[in-house]
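Engineer: From the sequence below, what's the structure:
(chains A and B)
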Amino acid sequence: MPCPGTLSVLSAGSAATSTATATATSRLVLLLPLRRPGAVFSASRSTIAFPSRETSPFVNRDKPTAIARSITTSTSTTTRFPRRHLPHTHQHHHVVRRQYHSHDHPPPPGPFTPAESALLGAAYTHVAAQGFSREALALGARDAGLLDISPSLLLGGSDGGVFALIWWHLYTQRNALAAKAAALFASEIDGSPGGSKDATAATPSLGGIGGGIRTVSERVEMLAWARLQGNDEAGVVGRLQEALAVMAQPSYVPASLKELALLADEILYLAGDVSVDPSWYTKRASLSAIYAAAELFMTTDQSPGFRETRAFLRRRLNEAAEVGSAVRSAGEWLGFTASAAVNVLRSKGVRI
Amino acid sequence: MAAAPGALRRALPSIRSAIVQVHPQNKSQLTRLFSTSLPSQRLDSSSSSSSSSTPEYAIPDPSRPTHFGFETVTEGEKRERVAGVFTSVAESYDRMNDLMSFGWHRVWKDHFVASLNPGFSPLTAGPDPRGSQHILDIAGGTGDIAFRMLHTAHVLNNNPSVRVTMSDINRAMLTVGKQRASALPASQQAALSFVEANAEDLTRTRPLQPLSDAEKATTKHAFFDPATATSSIPSNSVDLYTVAFGIRNFSNIPAALREARRVLKPGGVFACLEFSKADKHPLFNALYKEWSFRAIPLIGQLVAADRDSYQYLVESIERFPSQEEFRDMIVDAGFVVAGDGYEDLTGGVAAIHKGMKPRA
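Structural biologist: Model (predicted):
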């Protein structure tokens, strides 16, 4: 492997296996600014580290970026913490928060402190019966051997931690997706299902065959459905409406949208999407909208096994794919026509 | 003003104007000189900080330097001067709060109490078999927090078993609180008790002996003398420890935090409402600093006829540690926190800090 000086390049999501691809990727990386503000520069590594075939793509991560955004150089450490970071306690401040995704590091700690996790984890078991409410929080506190007053530790306005409980639901369900993905796609070819299709992954195609290698869009559908089933498994489907009502309160809208974006990103990442063009954004935006709509549909779905929800989800994803391909076709046609028109004019002697 | 010191009158006009325009870096040097802040680098070997060993800075020492506004005094001296300040403002305290904050302090206090939701018990499980809730309101002063707690617990949460203890080092403030409490319903008055105590040592307290009119003339007997203690607050006896706009006046904040941890039951919550830093919004911060350093002492002079005391109030706000520093002090005293450990109110002009005493 060629080693470009002190640069080390981490490629996310794609398993680049040939030197040619590696060179291409590092050239791509070099176009990006060397020192992004907030990036962590660590002195410990100065080698090229591409995920090999045995590296599982199903690594949980919290700070997703597009492919190969991570650059480390051998300079001193500079860290800018994001707005919500863990307090400087002796127990859990050893993990430095990274601003990029890496297969080589453990995921950064979540937004919940250990005390919070214990309390919310205990309260979550009462959500099915009591809803996302102070009642569930107080019962959870008793289960955890704490006092009735203990849930008031949770921050987040005058609702006494109810949004924290909803956030816990969203966060744990999102984190559980990685294991579900590993189980769902275990039947596929050994190695790296995400990386083996990097050439075609950017163009989602429909109508793949089951059993063999699935397309990204098929996996997206499976993962979105797995996430929706998570609501059912936790028994909170009947409580989603009240959760959505709380999430729609103005002070919680930003956090809720952020969590939705992270979910869409997680699904696409686990599905093996490696796009590095503007479709990176459009895919996540459309998946966010579709997922939110499907979850809303689910709150009123009475069909056995929520099969109507699954059909709804499929229809929306297919529509998005059709619209996407139509837009792409129109774009191609326009581009071709425009360049042809220019060439015709040039052939007539117009100086363009 | 017998206790209003001459030194305050030299109230540093030059430094005051410098502070208003000072750069954040310089300001952080100014705000971190003495015992209210932690030693900047704690050793990791003390990771069992929740255990018995109390660091030296958390043991009250009357001769250790601390700050009184922008002045440097000893801890013992600060205690007497704070007593003087609050004795002189006790009668006009509530009116002044309204004028200084445009009444907004009521919104903060309402939010503070609503977010704590005292007296709530799960309906399905019924009242707590481990005993009724006991709330300790430190620096309770004129009762703003304690009365709201009682209302939330007794009326909104329909839990008349909740008891509230109002504690203050200053008899003058507590006397005003007791007078105001006579307007409460009888059931709430019965659940309320008044205690004179120094928050740094709650083992030595005594029930309130209201200040007589004769004593009001002098500030001499205004603050609690531990030598006259007759009772104490036992360990592991309090569900909720609140201190609203009081902790910045403590001579030794780490000692008070450790004492809070001692009296709280495991699972009990420490909650603090205090002025803080609005540095995240520079423009708003500049306006706020102008208001606090120019207008508030003037209002104090006109309304309460006591400029020095209000000069001290704004200087002590400036000297109080930032949200993150204070959060770290709470964690260092052995509490666990949720999320960031604090919640900003009105862009950080005030902040709510919360911590929970973990199960042993």
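Engineer: Any residues of the stretch 101-250 of chain A in contact with chain B? List them.
Structural biologist: With the criterion set to C-beta under 8 Å from any C-beta of the partner chain, the stretch 101-250 of chain A comes near chain B through A:111-116, A:119, A:129-130, A:134-135, A:138-139, A:141-142, A:145-150, A:152-158, A:160, A:164. C-beta here means a position set from N, CA and C on the backbone, and glycine is covered the same way.
Engineer: residue ranges with poor pLDDT in chain A?
Structural biologist: Where chain A drops to pLDDT under 70, the residues are A:1-99, A:157-158, A:189-212.
Engineer: Please give the number of neighbouring residues around residue A:326.
Structural biologist: Burial of residue A:326 is recorded as 10 neighbouring residues (other C-beta atoms under 10 Å in any protein chain shown).
Engineer: ignore the last one, residue B:173
Structural biologist: 27.
Engineer: Stretch B:230-239 and chain A in contact?
Structural biologist: Yes. Judged by C-beta under 8 Å from any C-beta, stretch B:230-239 comes into contact with chain A at residue B:239.
Engineer: Can you get me the start-to-end distance on that stretch?
Structural biologist: From its first residue to its last, stretch B:230-239 covers 23 Å (C-alpha to C-alpha, to the nearest Å).
Engineer: just how off-centre is that stretch within its chain?
Structural biologist: 18 Å (C-alpha atoms, centre = their mean, to the nearest Å).
Engineer: how about stretch B:271-279: buried residues?
Structural biologist: By neighbour count on 16 or more other C-beta atoms under 10 Å in any protein chain shown, the buried set for stretch B:271-279 is B:271, B:272, B:273, B:274, B:275, B:276, B:277, B:278.
Engineer: export these to TSV and tack on pLDDT?
Structural biologist: Output for the buried residues of stretch B:271-279, formatted as TSV (pLDDT from 0 to 100):
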residue	pLDDT
B:271	96
B:272	96
B:273	95
B:274	93
B:275	92
B:276	93
B:277	92
B:278	92
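Engineer: got those as JSON lines, with distance to residue B:97 and secondary structure columns?
Structural biologist: Shown next, in JSON lines, are the buried residues of stretch B:271-279 (distance: C-beta to C-beta, whole Å; DSSP: H, G, I helix; E, B strand; the rest coil):
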{"residue": "B:271", "distance to residue B:97": "19", "secondary structure": "strand"}
{"residue": "B:272", "distance to residue B:97": "17", "secondary structure": "strand"}
{"residue": "B:273", "distance to residue B:97": "13", "secondary structure": "strand"}
{"residue": "B:274", "distance to residue B:97": "14", "secondary structure": "strand"}
{"residue": "B:275", "distance to residue B:97": "12", "secondary structure": "strand"}
{"residue": "B:276", "distance to residue B:97": "17", "secondary structure": "coil"}
{"residue": "B:277", "distance to residue B:97": "20", "secondary structure": "coil"}
{"residue": "B:278", "distance to residue B:97": "18", "secondary structure": "coil"}
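Engineer: Give the closest residue to residue 184 in space, chain neighbours not counted.
Structural biologist: No chain was given, so I picked chain A. Spatial nearest neighbour of residue A:184, excluding adjacent residues (C-beta to C-beta, 6 or more residues apart in numbering or on different chains): residue A:222 at 5.6 Å.
Engineer: Correction: the question concerned chain B.
Structural biologist: The shortest distance from residue B:184 to any residue other than its chain neighbours is 6.5 Å, reached at residue B:147 (C-beta to C-beta, 6+ apart).
Engineer: hmm, back to that, restrict the buried residues of stretch B:271-279 to those that also contact chain A, please.
Structural biologist: Counting by C-beta under 8 Å from any C-beta, the members of these near chain A are residue B:271.
Engineer: Just put the buried residues of stretch B:271-279 in CSV and tack on distance to residue A:257.
Structural biologist: Putting the buried residues of stretch B:271-279 into CSV (distance: C-beta to C-beta, whole Å) gives the following:
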residue, distance to residue A:257
B:271, 30
B:272, 31
B:273, 30
B:274, 32
B:275, 32
B:276, 28
B:277, 28
B:278, 26
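Engineer: Quick check: of the buried residues of stretch B:271-279, which lies closest to chain A?
Structural biologist: Chain A lies nearest to residue B:271 out of these, by C-beta to the nearest C-beta, at 7.2 Å.
Engineer: My guess is that closest one contacts residue B:238. True?
Structural biologist: No. Using C-beta atoms under 8 Å, residue B:271 makes no contact with residue B:238, being 11.6 Å away.
Engineer: So residue B:109 sits against residue B:143, correct?
Structural biologist: No. Using C-beta under 8 Å, residue B:109 is not in contact with residue B:143, being 10.9 Å away.
Engineer: which of these two has more neighbours?
Structural biologist: Between residue B:109 and residue B:143, counting by other C-beta under 10 Å, residue B:143 is the more crowded of the two (26 against 19).
Engineer: what's the first-to-last distance across stretch B:152-166?
Structural biologist: 16 Å.
Engineer: for that stretch, what is the average pLDDT?
Structural biologist: Across stretch B:152-166, the average pLDDT comes to 93.
Engineer: Of all the residues in that stretch, which ones are buried?
Structural biologist: Result for stretch B:152-166 [16+ other C-beta under 10 Å]: buried residues B:152, B:153, B:154, B:157, B:159, B:160, B:162, B:163, B:164, B:165, B:166.
Engineer: likewise stretch B:294-313?
Structural biologist: Buried-residue list, stretch B:294-313, by 16+ other C-beta under 10 Å: B:296-297, B:299-300, B:304, B:306-313.
Engineer: quick one on the thing from earlier: mutual contacts of residue B:109 and residue B:143, please.
Structural biologist: Contact with both residue B:109 and residue B:143 is made by no residue, according to C-beta atoms under 8 Å, 6 or more residues apart in numbering or on different chains.
Engineer: how long is stretch B:225-238 end to end?
Structural biologist: Length of stretch B:225-238, first residue to last, C-alpha to C-alpha: 23 Å.
Engineer: Equivalent analysis for stretch B:108-127, please.
Structural biologist: OK, stretch B:108-127 end separation, C-alpha to C-alpha: 29 Å.
Engineer: Counting neighbours, what do you get for the residue nearest to residue B:341 when sequence neighbours are not counted?
Structural biologist: Leaving out its chain neighbours, the residue that sits closest to residue B:341 by C-beta to C-beta, 6+ apart is residue B:327, at 3.9 Å. Using other C-beta under 10 Å, residue B:327 has 23 other residues around it.
Engineer: my guess is residue B:327 contacts residue B:344, does it?
Structural biologist: No. Here residue B:327 lies out of contact with residue B:344, judged by C-beta under 8 Å, at a distance of 11.8 Å.
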